[in-house]
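K.L.:
task: produce atomic coordinates for the following.
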Amino acid sequence: MCFQGRLVAISLSFFLSVPTTPAEELSGSLIEKVRRSCVEVIIKGRLRGGGAFVQDSRGKTYVLTAAHLFHRPGDTCVVVTADDRSHFASLSAYDLGHDLALLEVEPSLSRYGTLRVAAVNPSETKAVFNFGPALGRRQLVLPGSVAHTGITYTDFSSSQDYLGHYFVSGINPAFSSGGPWVNREGEIVGVQHGRLKGDEGAPSSGLSMVSPPAAVKALIEKNTIAATPGIGGFLWEIRTADRTFFDKLPDRLDGLVVNPVFKDRPLARAGIKPHDLILRCDGVELTRLSQLIERIRAKPAGSVFRLEVLTPGASGSREVILTTDAIEAGWR
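P.N.:
Predicted coordinates:
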């Protein structure tokens with residue numbers, strides 16, 4: 001069964017003055033300041049991505065990066081600073097629900113400068129800039145603009161669950177993960193995680209997935225391993241299903257198709273199988289993925305939900321009890 005979206009590009013030309021491009025909106029001094037605060041993250045001798053120095057409200061310095069750069073939480077790493085010096089670092093805290101990691105480093109590394117975290121998500125169409133070792137090159141500045149400021153959820157293979165993020169229009173190549181996105185003031189507005197895939201054969205849709213600054217701030221201030229509520233499977237809105245699958249369903253049916261289901265995780269323990277449909281959660285009809293994931297994330301891990309589930313071809317639906325887990329607990 002295939003679920004996919006189709007993107008259509010439309011080019012319009014206007015006989016107006018050419019606007020300033022996003023790349024021209026950062027001063028040279030700000031670029032150098034941000035670059036000095038950025039690092040390369042090396043794990044087991046290999047470049048994995050980027051990161052940036054940040055401080056909590058007590059003045060302690062960390063490196064902020066993406067959790068998926070690590071193969072396992074026990075991995076140690078090296079961060080390479082702008083002057084090409086290597087410094088030992090270790091994983092201090094992480095949040096797989098937003099693919100964020102905080103690295104413990106020597107306090108003296110604050111001399112490279114730290115970046116502030118913005119108070120809120122940038123608004124739509126705002127220019128933002130990614131700093132990181134994209135394509136293995138030293139601290140490229142890649143411009144983008146906010147495509148959707150609201151939090152959305154994308155299936156995330158590293159946690160076998162969902163990643164909460166917002167979208168930036170801008171293609172980020174290999175090794176850009178973990179690099180900070182900053183606004184025109186040089187504040188961190190999120191961390192680069194990945195690229196949304198395009199149609200079959202296209203490596204990217206042109207959309208980057210970026211963590212929200214609220215999650216970044218929470219990780220820095222708490223410096224603890226998160227306990228993100230998880231379901232252990234991926235869901236798809238019926239309207240995105242292949243025609244061959246869609247035609248097998250009753251008319252006017254709406255809900256979420258489950259595929260895949262991961263072993264020993266909440267959906268599997270609730271007796272839900274691949275290609276089952278979740279019609280309601282606690283009596284509320286479901287048409288969008290976000291409707292269910294937002295309800296799941298609004299309560300702590302271990303919470304209980306009543307799901308109405310239909311197996312295609314069955315005579316009727318059934319009710320199952322879903323008890324969420326903490327997705328970080330399964331990362332070893």
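K.L.:
tell me which residues in the longest strand anywhere in the chain are buried?
P.N.:
For the chain, the strand with the greatest residue count under DSSP state E is strand 140-156. Within strand 140-156, the residues that qualify as buried are 140-144, 146-147, 149, 151-154, 156, counting by 16 or more other C-beta atoms under 10 Å. C-beta coordinates here come from the backbone N, C-alpha and C atoms, glycine included.
K.L.:
likewise for stretch 67-75?
P.N.:
So for stretch 67-75, counting by 16+ other C-beta under 10 Å, buried means 67-70, 73.
K.L.:
got the domain boundaries for the protein?
P.N.:
Under the assignment automatic domain parsing, the domains of the chain span 20-226, 229-330.
K.L.:
centre of the chain versus the longest one, how much separation?
P.N.:
To tie it back to what came earlier, the one meant is domain 20-226. Relative to the centre of its chain, domain 20-226 is centred 10 Å away, using C-alpha atoms, centre = their mean, to the nearest Å.
K.L.:
heading C-terminal from the helix or strand of the chain with the lowest mean pLDDT, find the next helix or strand.
P.N.:
Least confident helix or strand, the chain: helix 243-246 with a mean of 66, by mean pLDDT, DSSP states H and E. Next along the chain after helix 243-246, taking DSSP states H and E as the criterion, comes strand 256-261.
K.L.:
got the CA coordinates for the next helix-or-strand element following that next one in CSV?
P.N.:
Sequence order places helix 266-269 as the next helix or strand after strand 256-261, per DSSP H and E. Extracted C-alpha coordinates of helix 266-269, given in CSV (Å, rounded to 0.1, in the frame of the first residue of the first chain):
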residue,chain,number,x,y,z
PRO,A,266,1.2,0.5,22.2
LEU,A,267,-0.7,-0.1,19.0
ALA,A,268,0.5,-3.7,18.8
ARG,A,269,-0.3,-4.3,22.5
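K.L.:
surely residue 32 is within a strand?
P.N.:
No: per DSSP: H, G, I helix; E, B strand; the rest coil, residue 32 lies outside any strand segment and is helix.
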